[in-house]
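Engineer: Structure for this input, please:
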Amino acid sequence: MFNIRLDAAWLNSRFAVAAGQALLGSLFVVSGLLKLAKFSYVAAMLANFGLPASEGMTVLVILVEVGAGLALALGWHARLAAAVLVPFVVIATLMFHAFWASDAAAYGNQLNHFLKNVALLGALLMVASTGSVPLARSHGQ
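Structural biologist: Below you'll find the predicted structure:
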């Protein structure tokens, strides 16, 4: 009975990690697909922020979000995918959610986005440092 309980806990923890990783990755996939649907708007916004080659940057952002997000969600090279997303999230957070420079009307919204991104950064750092938890159990365990 004791071994069954341990096996169930082991299995549940792997499913929980896989589900969490899939949810984390899905955020980036959806965000990238939304940018693809509003490509011209995103490119214009990046140009307004002074970024050069805004259309090329938009393509790069979409590729990073969808590609790394899918890899993360599927557990395929998850450590690499998370490591790619870490600087992306840091740059995006500092550029687009600078709550300290916001007016009073936008302050709360920008602070919420900033803190959400800090939490995402924490989750990405955990995946980048530990990797995926395999769902298959080796015979030696």
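
Engineer: Every contact and neighbour count from this point should use C-alpha atoms.
Structural biologist: Noted.

Engineer: tell me what the helix or strand where residue 113 lies is packed against?
Structural biologist: Using DSSP states H and E, the element containing residue 113 is helix 104-130. With contacts defined as 3 or more Cα pairs under 8 Å, 6 or more residues apart in numbering; DSSP states H and E, helix 104-130 has these neighbours: helix 2-37, helix 78-96.

Engineer: Helix 78-96 and that one, what's the angle between them?
Structural biologist: 160 degrees (axes from the mean of the first three to the mean of the last three Cα atoms, to 10 degrees).

Engineer: now helix 104-130: mean pLDDT?
Structural biologist: For helix 104-130, mean pLDDT rounds to 95.

Engineer: Which positions in it come out as buried?
Structural biologist: In terms of neighbour count (16 or more other Cα atoms under 10 Å), helix 104-130 has its buried residues at 110, 111, 113, 114, 117, 120, 121, 123, 124, 125, 127, 128.

Engineer: With distance to residue 81 added, can I get the residues you listed in a markdown table?
Structural biologist: Shown next, in a markdown table, are these (distance: Cα to Cα, whole Å):
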| residue | distance to residue 81 |
| --- | --- |
| 110 | 26 |
| 111 | 26 |
| 113 | 22 |
| 114 | 21 |
| 117 | 16 |
| 120 | 13 |
| 121 | 13 |
| 123 | 12 |
| 124 | 9 |
| 125 | 11 |
| 127 | 9 |
| 128 | 8 |
